[in-house]
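Trainee: generate a structure from the sequence data that follows.
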Amino acid sequence: MNQNFSDIEQSDVEKVNKAWDAIVKNDLNVARHLLEEVVANTPKEYIYSYEEGGRLFVKFWTEDEFLHYVTGLDDEQKKKSINWILSVYPRAYFYLAYIDMEEGRPENAIVQIKESLRLEPDQPVCFCEMALAYSKLGDNEKAIDLYDRALQSRLYIPSSAKVLALRGKGVVLIEMEELDLAKKCLIESLEYEPNNELALKELEYLSFLKTGGDAAPMSHKLIKSAMSERKCSICGKELITPYDGEFKVMDVGGQLTFLCINCGKGGNYKEAVNIKYNYAETYYNWGVNSFNQGRMEDAAEAFEKAINIEKDHWAAHFALGRVYIELERHEKAVTPLTEAIRIKPDFVEAFYYLGDAYFHLENYQDAMESYKQTIKIDPKHAQSHFSLGCVYRMLEQYNEAIEAFNHAIQINPKYPDPYSLLGWVFMELERYKEAIEAYKEVTKIDPNDVESHYCLGIIYLTLGDKKSASEEYEILKNLNEDVANKLLEGIHS
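Mentor: Now for the predicted structure:
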């Protein structure tokens, strides 16, 4: 037994691990009891790292943290034998804070986190948890500061901690209505963890807040596969590229470590197994890069090659459909999107974009069925409710259109497009007061919306209210002179 790692500490490691297992099972009382026993043994001076017998011992929370530390050492430091010891007492306080947060006591959580940081002052996940607690208490400025501290806390920050900090900061910035900064943080988090559903959902919500939904909402941005994002543990190089799909993998203490061919040449990696990865994934990865850079023809070629190698590659089928929609080849988009659904029957985005393809082909019945299927899988998919309303509008089924637009608004009240088309439908039905209310909602969200101000002016003229129509004209003069003059002609007639 190392002199700096006592029998008590070893026993406490086991208790902390048991406590985490209890937390996972939502048995918080058992977890709290174990953790309180552990923190009672906290030494006055916590030794984070030490040397003994020519070996360096360092306490870490996770293997990921250990690997980031080791790969950041200089050549002289790497000559030492680096040994990972599982952190005990800072983790115990952190888990107590986690329980307090789960039980709705952010003030108590802050106290526990401070104790954790007293022992390990540069632990990024502690700053993230404290930031979350302050955001729950309504102190968003303090939360932002803590997320920034997490990102700058040490030289070796695991990607998982960076993701936690960037995503948390993005969410707080959304609450502060700093939407551009929030988008930047969330997109940066996806560079480290491209398939994270929470970040993707926040980006989709952010897209709706800013524009009412883009043609390609951020949650539908094409992303690389998890394997394609795998990087070498030593040099950080991407393992899967359009030019190479070969790498090495080895088991280190029950965990897989991935190495590029160059880093895997060393004598320390004799047990590493050489892997030649499926080139369908390589072509898919190439296609994603091309799509996100706007090179649609190259993307289509890459996705087609991926499908030729692996015919049931659902992501490649979906991506190919997306490419054809971007190129406005809607008829060609139908087949790959249908194939993606065949392989992955609950694929919301595929149903949504299939509906989009059918809508542009004026095949409104099939578009309706696709949007309804999207809503069946995800009832809160605001864009599908709106698109379904657009189908009903084209079919002149106005009552159904009103219902669909209202559903979209209930899900996202700051989404202007449903209000705008509600106004149009109400005008068609000569329900002018409701049309006015709808267009006014658009102008609250976007005061510079030319079409809504013009429509309001036309409705006021229809109702004989030239004074209100003239007020809309005055607004339009500063937005679009041609449209303003068009309204002025109606006022003078």
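
Trainee: drop to CA atoms for contacts and neighbour counts, all remaining ones
Mentor: Fine.

Trainee: got the contact list for the residue lying closest to Asp449 once chain neighbours are set aside?
Mentor: Leaving aside its chain neighbours, Asp449 sits nearest to Thr443 (6.2 Å; criterion: CA to CA, 6 or more residues apart in numbering). Thr443 sits next to Asp449, Ser452, His453 when contact means CA atoms under 8 Å, 6 or more residues apart in numbering.

Trainee: mind listing what's buried along the helix or strand containing the second one?
Mentor: For Ser452, the enclosing helix or strand under DSSP states H and E is helix 450-462. Buried residues in helix 450-462, defined by neighbour count with 16 or more other CA atoms under 10 Å: Val450, Glu451, Ser452, His453, Tyr454, Cys455, Leu456, Gly457, Ile458, Ile459, Tyr460, Leu461.

Trainee: which strands or helices does the helix or strand that that helix is followed by pack on?
Mentor: Counting by DSSP H and E, the next helix or strand C-terminal to helix 450-462 is helix 466-477. With contacts taken as 3 or more CA pairs under 8 Å, 6 or more residues apart in numbering; DSSP states H and E, helix 466-477 sits against helix 450-462, helix 481-492.

Trainee: which helices and strands sit right next to the shortest one?
Mentor: For helix 481-492, the contact count by 3+ CA pairs under 8 Å, 6+ apart identifies helix 450-462, helix 466-477 as packing neighbours.

Trainee: 6 Å instead, please
Mentor: helix 466-477 (3 or more CA pairs under 6 Å, 6 or more residues apart in numbering; DSSP states H and E).

Trainee: just the helices in the stretch 1-150 of the chain please.
Mentor: Listed in chain order, the helices of the stretch 1-150 of the chain (DSSP state H, counting those that start in this stretch) span 7-24, 28-39, 63-71, 75-78, 89-102, 106-119, 124-136, 140-151.

Trainee: give the rounded mean pLDDT of the fourth one.
Mentor: Right, helix 75-78. For helix 75-78, mean pLDDT rounds to 65.

Trainee: what comes up buried for stretch 35-54?
Mentor: When burial is assessed from 16+ other CA under 10 Å, stretch 35-54 yields the following buried residues: Leu35, Val38, Val39, Thr42.

Trainee: circling back to that earlier point, roughly how far apart are the residue nearest to Asp449 and Lys433?
Mentor: 16 Å (CA to CA, to the nearest Å).

Trainee: next: Gln293.
Mentor: Distance, Gln293 to Lys433, using CA to CA: 46 Å.

Trainee: let me see the confidence value for Lys162.
Mentor: 88.

Trainee: need phi/psi at it.
Mentor: Backbone geometry at Lys162, expressed as degrees, to the nearest 10, gives phi -60, psi -40.

Trainee: burial measure for the closest residue to it other than its chain neighbours, as a count.
Mentor: Sequence neighbours aside, Leu151 is the residue nearest to Lys162 in space, at 6.2 Å (criterion: CA to CA, 6+ apart). For Leu151, the neighbour count with other CA atoms under 10 Å is 20.

Trainee: ok, now Lys486?
Mentor: Lys486 has 12 nearby residues by other CA under 10 Å.

Trainee: where does pLDDT dip in the stretch 101-250 of the chain?
Mentor: 194-197, 200-201, 203-230, 240-245 (pLDDT under 70).

Trainee: where do the strands sit along it?
Mentor: For the stretch 101-250 of the chain, the strands defined by DSSP state E, counting those that start in this stretch cover 246-252.

Trainee: contacts only, for Leu34.
Mentor: Contact analysis of Leu34 by CA atoms under 6 Å, 6 or more residues apart in numbering lists Ala19.

Trainee: please tell me how far it sits from Leu155.
Mentor: For Leu34 relative to Leu155 (CA to CA), the value is 32 Å.

Trainee: buried set for stretch 345-359?
Mentor: Buried, per 16+ other CA under 10 Å, within stretch 345-359: 346-359.

Trainee: what about stretch 382-392, distance to the chain center?
Mentor: Here stretch 382-392 is found 24 Å from its chain centre; the criterion is CA atoms, centre = their mean, to the nearest Å.

Trainee: same question, stretch 432-442
Mentor: Counting by CA atoms, centre = their mean, stretch 432-442 comes out at 34 Å from the chain centroid.

Trainee: returning to that earlier point: neighbour count winner among Gln293 and Lys433?
Mentor: Counted by other CA under 10 Å, Gln293 and Lys433 do not tie: Lys433 has more neighbours, with 14 against 10.

Trainee: which SSE is that one in?
Mentor: Using DSSP H and E, Lys433 sits within helix 432-445.

Trainee: extract the C-alpha trace of that helix and format it as CSV.
Mentor: Extracted C-alpha coordinates of helix 432-445, given in CSV (Å, rounded to 0.1, in the frame of the first residue of the first chain):
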residue,chain,number,x,y,z
TYR,A,432,-60.6,40.2,-39.7
LYS,A,433,-60.2,40.8,-36.0
GLU,A,434,-58.5,37.5,-35.6
ALA,A,435,-56.3,38.2,-38.6
ILE,A,436,-55.3,41.5,-37.0
GLU,A,437,-54.4,39.7,-33.7
ALA,A,438,-52.3,37.2,-35.6
TYR,A,439,-50.3,39.7,-37.6
LYS,A,440,-49.7,41.8,-34.5
GLU,A,441,-48.1,38.8,-32.9
VAL,A,442,-45.7,38.6,-35.8
THR,A,443,-44.8,42.2,-35.5
LYS,A,444,-44.2,41.7,-31.8
ILE,A,445,-41.7,39.0,-32.6
